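*Asks:* Mind looking at a prediction? Sequence and model below.
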Amino acid sequence: MIKGYFSGDKVVSSSAGAFSLYEKSRFGEKKANKIEYAAVEVLYLFAEKKMEIVLGKKIFDWDGLLRKFKKHDKKIEIKSAVFSDLRKKGYLVKSALKFGAEFRVYDKGARMSEEHARWILYCVREHEQLSWHDFTARGRVAHSTKKNLLLGIVDDEGEVIYYEVGWVRA
């Protein structure tokens, strides 16, 4: 099991297991002599019993971890549901913050160093309203980055439905 430590609002690990998992499944980002994890990666690995999180002498449980991450990200629960669903299906999922989206998603078996992400993914709740202006803006970002727009809609039970949006020449 990987032991992760809070360093500010980030979770890091310098264990051999963390580096091994990074090489095998691309969890986290290599930063000098440690692996730095996104909150959704931490929640996924914690839920899969592959990671425990420590802050000083405190070992976090699920609720404590979720509370801590919610302080910095109000959408963490829906992001976590989408991230977990896609990882369990075999997709590589990484942050798309620089694109203004939640995630960039790579095809199954893709190698990040050799291929570009296929989708830009936005996560929304089932009853959340999305204006046409916002929808169009998201589509333009995806198109301008040569990626397809993917919406991950999380229902009240935590199930995720995906809609892929593409451009059609008329």
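*Replies:* That came through, no problem.
*Asks:* Mind jotting down where the helices sit in the protein?
*Replies:* Taking DSSP state H to define them, one finds helices in the chain at 16-25, 39-47, 62-70, 76-88, 132-144.
*Asks:* per-domain residue ranges of this structure.
*Replies:* 2-70, 76-165 (automatic domain parsing).
*Asks:* so can I have CSV of those domains showing mean pLDDT?
*Replies:* Converted to CSV, those look like this (pLDDT from 0 to 100):
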stretch, mean pLDDT
domain 2-70, 92
domain 76-165, 89
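*Asks:* Turn the ones you listed into TSV, including mean neighbour count.
*Replies:* Bear in mind the C-beta positions are built from the backbone N, C-alpha and C, glycine included. As requested, the domains of the chain are arranged in TSV below (neighbours: other CB atoms under 10 Å):
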stretch	mean neighbour count
domain 2-70	16
domain 76-165	16
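*Asks:* Just give the closest residue to Val54, not the sequence neighbours.
*Replies:* Nearest non-adjacent residue to Val54, counting by CB to CB, 6 or more residues apart in numbering: Tyr5, 5.4 Å away.
*Asks:* separation between the closest residue to Val124 other than its chain neighbours and Tyr162?
*Replies:* With CB to CB, 6+ apart as the criterion, Val124 has its nearest non-adjacent residue at 5.6 Å, and that residue is Ile153. Distance of Ile153 to Tyr162, computed by CB to CB, to the nearest Å: 8 Å.
*Asks:* Please apply the same query to Ser13.
*Replies:* Separation of Ser13 from Tyr162 (CB to CB) stands at 31 Å.
*Asks:* what does Asp155 give?
*Replies:* 12 Å.
*Asks:* Contacts only, for Ile59.
*Replies:* Glu52, Ile53 (CB atoms under 8 Å, 6 or more residues apart in numbering).
*Asks:* one more time with 10 Å
*Replies:* The neighbours of Ile59, taking CB atoms under 10 Å, 6 or more residues apart in numbering as the test, are Lys3, Glu52, Ile53.
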